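Engineer: Got a predicted structure here, sequence first:
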Amino acid sequence: MNSGGKNYPRISRRVVLGGTALALGAVATAAAVSQAVAQQKISQEEAKYQGTPKGNQHCDGCVNFEAPNGCKFVQGEVNPNGWCQLFYPKS
């Protein structure tokens, strides 16, 4: 095509669509890796988990607690009356 007397190279739809697919693939891969990293849990030892509360702080009062006996960040079963250093109170 000629615009104002200048010749511009033509870019095919295949090239544009191929580049878009590559970019979307990279974004999807990055999202999958982020999700996998986020899903990794730490050991109870690393979290300094204990099966008893610390004062009035206990697992079932934490935003990370997953009933009946799980945690978003700590491996294995946790006691609803337990505690770890990742405790963050529910609002």
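Structural biologist: Done, it's in.
Engineer: use CA for all of it now, contacts and neighbours both
Structural biologist: OK.
Engineer: how deep is the nearest residue to Pro89 once chain neighbours are set aside tucked in, by neighbour count?
Structural biologist: Of all residues not flanking Pro89 in the chain, Cys62 sits nearest, at 4.6 Å (CA to CA, 6 or more residues apart in numbering). Cys62: 19 surrounding residues under other CA atoms under 10 Å.
Engineer: surely Cys62 meets Lys90?
Structural biologist: Yes: counting by CA atoms under 8 Å, Cys62 does reach Lys90; the two are 5.3 Å apart.
Engineer: mind showing which ranges of the chain have poor pLDDT?
Structural biologist: 1-5, 8, 11-39 (pLDDT under 70).
Engineer: where exactly do the helices run in it?
Structural biologist: 13-39 (DSSP state H).
Engineer: Domains in it, by residue range?
Structural biologist: 7-40, 41-91 (automatic domain parsing).
Engineer: show me the contacts for Phe69.
Structural biologist: No, residue 69 isn't Phe; it's Asn. Taking CA atoms under 8 Å, 6 or more residues apart in numbering, we find Asn69 in contact with 77-80.
Engineer: Between the residues you listed, identify the one with the most neighbours.
Structural biologist: Neighbour max across the contacts of Asn69 (other CA under 10 Å) = Val78, 23 neighbours.
Engineer: Find the nearest non-adjacent residue to it, please.
Structural biologist: Nearest to Val78 is Asn69, by CA to CA, 6+ apart, at 5.1 Å.
Engineer: Ends of stretch 70-77, what's the gap?
Structural biologist: Using CA to CA, to the nearest Å, one end of stretch 70-77 lies 5 Å from the other.
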